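Asker: Sequence unavailable; structure follows:
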Ligand code: CUA
């Protein structure tokens, strides 16, 4: 087979490069809330700036190396009757050049990188709002720490913050290493057992910012997603006060008229889940735990998400499914099928809640599953959920 001519090679490269460029342009138009290249805070823009430095340096290196390669292939291509080019061994000037150039490039990358590391550290020292986030397997517990007005709030997987306020997030885990990452708001930060890492950013626009665990942490690592939900100040205060109050009066229909009482079918859930303002208030939270042994992890490790105002959540199981009655039923019927390895699946196996309810009811076909789905769907504040506006809310 004859070798392709140099001009053919060049043409193919050109076509390839154009396709790549088109793909890049198309990706910039798409609705991609987890993209790293559309930063929405100062912190994320600084990362983007570093990325651009590295990207353009890489482009220069790529063009230089590939250009030289193409030129040499063309210049010294095989031609009938031509002698071999001069054969050399060792070239001091060239070797010094290709040592110095990468060293200079690395210094250009190193200096701003270190500067940014210090900037990020400084930004994570304090915040108008301080939030403790605990990495669980596989979801995120969110406890508001400061100021005092919000310090009683515990929730999961959806972190509400007010726009324009400095947010400091402290990251904890007592199981394995996770990594907290909301690309449009800030960089990745690991959660490490026995050590607290912090991250700081100031959201500039309202909206929903998608995050995920960025460190492999077991079976359902891929289903350890979360959202940072940025709302205006008034909505945030409304949300905050609803998070420490009992559910709205609609929940009373399943609680014998008392919203502070979870229905009997919820009884088995109480060991692991809390609902603010109700009798479901004993489940362990944060790092609180029995010592735990090799075979039995501590209580807080296996406890589940706080379910206060659960109906306002956008997803079930840390992004495993959308939050609606149909998916909720699927989840509660067999949680292990939806999210492999999760602790709830050790208690609720396939169909175990699909049995006649202990609640008083005229309908003999009504099961615990029916009651639970209905109860969770009724867990929202009296006036309804806080509306989500702004960035990425079209998804
Ligand atoms: Cu947590 Cu991966």
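Answerer: Nice, thanks for sending it over. What you see is a predicted model; the values in this text were computed from it and never measured.
Asker: which residues touch the spatially closest residue to residue 381 that is not a sequence neighbour?
Answerer: Nearest non-adjacent residue to residue 381, counting by CB to CB, 6 or more residues apart in numbering: residue 242, 3.7 Å away. For glycine as for every other residue, the C-beta is placed from the backbone atoms N, C-alpha and C. Residue 242 is in contact with 309, 381-383, 386, counting by CB atoms under 8 Å, 6 or more residues apart in numbering.
Asker: cool, residue 169 as well?
Answerer: 127, 130-133, 159, 180, 198-200.
Asker: where's it, which helix or strand?
Answerer: If you go by DSSP states H and E, residue 169 is part of strand 167-173.
Asker: Which residue comes closest to the residue in the stretch 251-395 of the chain positioned nearest to the ligand once chain neighbours are left out?
Answerer: Here the residue of the stretch 251-395 of the chain nearest the ligand is residue 318; by CB to the nearest ligand atom that distance is 9.2 Å. Nearest residue to residue 318, sequence neighbours excluded (CB to CB, 6+ apart): residue 139, at 3.9 Å.
Asker: what number of residues lie near that neighbour?
Answerer: By other CB atoms under 10 Å, 24 other residues sit near residue 139.
Asker: same deal with residue 367?
Answerer: Neighbours of residue 367 (other CB under 10 Å): 17.
Asker: Get me the contact residues on this protein for the ligand.
Answerer: 135, 138, 178, 213, 215-217, 221, 224 (CB under 6 Å from any ligand atom).
Asker: Is there a quick PyMOL command that grabs whichever of the residues you listed are buried?
Answerer: Buried members of these, defined by 16 or more other CB atoms under 10 Å, are picked up in PyMOL with:
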select buried, resi 135+138+178+213+215+217+221+224
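Asker: Any chance of the residues of the chain next to the ligand in JSON lines with secondary structure and pLDDT as columns?
Answerer: Shown next, in JSON lines, are the residues of the chain next to the ligand (DSSP: H, G, I helix; E, B strand; the rest coil; pLDDT from 0 to 100):
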{"residue": "135", "secondary structure": "strand", "pLDDT": "95"}
{"residue": "138", "secondary structure": "coil", "pLDDT": "93"}
{"residue": "178", "secondary structure": "strand", "pLDDT": "97"}
{"residue": "213", "secondary structure": "strand", "pLDDT": "97"}
{"residue": "215", "secondary structure": "coil", "pLDDT": "97"}
{"residue": "216", "secondary structure": "coil", "pLDDT": "97"}
{"residue": "217", "secondary structure": "coil", "pLDDT": "96"}
{"residue": "221", "secondary structure": "helix", "pLDDT": "96"}
{"residue": "224", "secondary structure": "coil", "pLDDT": "97"}
